[in-house]
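Student: only geometry, no sequence info:
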């Protein structure tokens with residue numbers, strides 16, 4: 001019966017509401033008459049006529065004030081105001097007609113009628129709403145809100161009106177709020193949260209702490225990690241203020257909250273030094289680091305931002321995003337998107353000269369360790385020669401500042417990617433020492449950034465959502481992590497401090513054990529790890545072994561000469577370097593190996609360079625492996641060493 005009533009069309013429901021109100025009004029009048037007329041009960045025709053006239057007027061008032069348009073489940077103060085106005089108006093009409101009909105001493109009758117009618121018409125709706133809400137809440141997921149402040153209250157109100165979550169109670173650190181009631185829900189003590197979750201059958205915890213520091217959020221998450229329920233949070237204050245997200249758009253706990261490190265406010269003088277009112281170019285502008293650099297550069301209002309990118313799709317994507325930002329923030333910045341490869345020096349120089357570029361951030365590189373292991377020659381060409389060509393083009397074009405985005409994997413490298421980036425650093429150090437070089441070259445070295453392509457965090461999250469297993473290469477592997485926004489801001493500030501050939505290292509905070517990170521993510525999503533001790537758990541962690549060239553521990557500094565700078569999270573390292581003739585000779589050998597596709601010789605050449613390259617892996621280059629297989633099957637196949645790739649620019653053509 002109830003399901004049938006709820007499924008009726010809204011016009012039919014309104015007819016039922018009108019009929020119910022008429023019945024309530026008649027019942028109220030009869031009851032009021034019987035309750036108040038204890039003596040002689042006269043004037044029945046006059047009272048009946050006055051009442052009959054008032055009822056249509058009361059119903060019209062209800063209709064005009066929108067009572068019948070209100071949805072019972074979400075009925076509020078406005079609807080009760082309409083009921084009050086309609087009944088008071090009806091009572092006044094009855095009073096007027098009593099006077100006209102000569103009915104006296106009936107004030108108590110009118111008062112009792114109005115009171116009963118108000119209770120019946122509004123009370124029935126209130127009871128119906130309570131019943132429907134309770135019925136709907138039984139289908140919702142029971143949640144606890146951590147934080148009873150403004151954000152927590154807004155979240156609770158939004159969830160009450162939604163169809164997915166049913167807020168049961170708050171917990172808050174503020175002792176003055178504890179043991180009180182907010183929005184009809186009790187406020188508990190966070191120290192009792194485990195007991196509250198068990199006794200109240202809580203199925204999810206929602207963090208409403210958008211303005212709390214990351215240090216505080218990490219403390220809260222540490223306390224919640226062992227609970228058998230998933231933990232989610234509301235968007236951060238910046239996202240709420242900018243209108244990017246709503247208070248009820250819940251999201252998984254961010255990894256930066258697990259790291260518990262608050263970003264250092266950027267120094268505007270350093271942010272503006274190489275950007276404001278200047279022409280800035282970013283190579284690899286569509287990549288993870290490159291695109292975030294572009295966003296940060298745009299905020300500091302260059303006169304022009306040149307996006308240099310090899311991938312057409314990546315270039316188009318970041319260009320569209322930046323144009324929206326320019327339009328939204330009404331920035332006076334010209335945007336130019338150029339397709340090209342950093343392995344083409346002439347293209348780079350032409351672009352820099354044509355637009356009058358003053359500052360270059362060189363982010364174009366192959367950074368994925370296994371991918372470079374599988375494509376050794378292209379990794380060296382792009383990372384080493386791409387950097388060399390970009391630097392030479394910058395000198396020829398009269399660039400003021402050139403900043404190389406490097407990596408912690410360049411420190412005592414164990415893989416081709418790290419070795420190629422360390423050689424790229426040597427190239428810039430040597431070029432910076434050459435006479436008559438007016439371009440300021442500097443390098444900024446840092447570890448993993450959250451949210452970059454290939455980042456472990458989204459991989460883990462997706463694996464957990466699929467039901468596992470979560471793949472970790474080694475139980476003891478550790479990595480440094482930093483948010484991509486903070487990394488980009490620090491890169492810009494470090495570049496502003498460069499004097500020539502500087503190697504800057506970003507303070508990455510405390511290293512993170514990847515196995516611990518995976519376990520915390522599993523727990524905070526309300527799941528249990530499946531292992532020998534818990535065979536009926538939800539998610540298995542599977543150790544796959546270190547990938548080709550992968551290290552257990554990453555370093556940021558080679559030597560011990562570390563200097564502080566004007567920024568507390570930027571250090572300068574005095575790293576070993578070579579003279580340009582030595583670097584030019586090294587480049588000539590590397591180029592010869594690349595041209596002949598002599599992968600093994602290329603590896604040996606880099607191992608002979610002063611970069612502490614310890615490469616103990618079996619050569620993993622996929623083309624080389626395929627050619628070895630082909631050679632073993634057919635002697636007539638072309639040998640690997642005879643494959644020649646014509647270079648676009650010879651090292652011998654570089655200026656001495």
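Tutor: Arrived safely, thanks for sending. These numbers were taken from a predicted model, which means no experiment stands behind them.
Student: So which bits of stretch 381-394 are buried?
Tutor: Buried positions in stretch 381-394, judged by neighbour count with 16 or more other CB atoms under 10 Å: 381-394. No exception for glycine: its C-beta is placed from N, CA and C like everyone else's.
Student: Pretty sure residue 542 sits against residue 474.
Tutor: No. Checked against CB atoms under 8 Å, the pair residue 542 and residue 474 is beyond contact range at 11.6 Å.
Student: More neighbours: which of these two?
Tutor: Regarding residue 542 and residue 474, a neighbour count based on other CB atoms under 10 Å identifies residue 474 as having more, with 16 against 11.
Student: need the contact list for the closest residue to that one other than its chain neighbours.
Tutor: Distances taken as CB to CB, 6 or more residues apart in numbering place residue 546 nearest to residue 474, at 5.5 Å, with adjacent residues excluded. By CB atoms under 8 Å, 6 or more residues apart in numbering, the residues touching residue 546 are 473, 474, 477, 552.
Student: can you redo the residues you listed as JSON lines with distance to residue 352, secondary structure and pLDDT?
Tutor: Below are the contacts of residue 546 laid out as JSON lines (distance: CB to CB, whole Å; DSSP: H, G, I helix; E, B strand; the rest coil; pLDDT from 0 to 100):
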{"residue": "473", "distance to residue 352": "40", "secondary structure": "coil", "pLDDT": "88"}
{"residue": "474", "distance to residue 352": "43", "secondary structure": "coil", "pLDDT": "89"}
{"residue": "477", "distance to residue 352": "40", "secondary structure": "coil", "pLDDT": "87"}
{"residue": "552", "distance to residue 352": "41", "secondary structure": "coil", "pLDDT": "78"}
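Student: Show me what the helix or strand containing residue 48 is packed up against.
Tutor: Using DSSP states H and E, the element containing residue 48 is helix 44-64. In terms of contacts (3 or more CB pairs under 8 Å, 6 or more residues apart in numbering; DSSP states H and E), helix 44-64 is packed against helix 10-36, helix 77-101.
Student: so which of these comes closest to residue 225?
Tutor: When the helices and strands packed on helix 44-64 are compared by CB to CB, helix 77-101 sits nearest residue 225, at 41.9 Å.
Student: Not counting its neighbours along the chain, what's nearest residue 233?
Tutor: In space, residue 233 is closest to residue 207, 3.8 Å off (CB to CB, 6+ apart).
Student: coming back round to it: got a markdown table for the helices and strands packed on helix 44-64, with mean neighbour count, distance to residue 562 and mean pLDDT too?
Tutor: A markdown table is the format used below for the helices and strands packed on helix 44-64 (neighbours: other CB atoms under 10 Å; distance: least, CB to CB, whole Å; pLDDT from 0 to 100):
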| stretch | mean neighbour count | distance to residue 562 | mean pLDDT |
| --- | --- | --- | --- |
| helix 10-36 | 15 | 72 | 86 |
| helix 77-101 | 18 | 64 | 84 |
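Student: Same list, those, but as TSV with distance to residue 572 please.
Tutor: Compiled in TSV, those are given as follows (distance: least, CB to CB, whole Å):
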stretch	distance to residue 572
helix 10-36	71
helix 77-101	64
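Student: Need the distance between the two termini of stretch 182-191.
Tutor: Stretch 182-191 has an end-to-end distance of 19 Å (criterion: CA to CA, to the nearest Å).
Student: Show me which parts of that stretch are buried, residue by residue.
Tutor: Under 16+ other CB under 10 Å, the buried positions of stretch 182-191 are 182, 185, 186, 187, 188, 190.
Student: any residues touching the helix holding residue 48, and which ones?
Tutor: Contact partners of helix 44-64, identified using CB under 8 Å, 6+ apart, comprise 18, 21-22, 25-26, 29, 33, 68, 82-83, 85-87, 89-91, 93-94, 97-98, 101-103, 106, 109.
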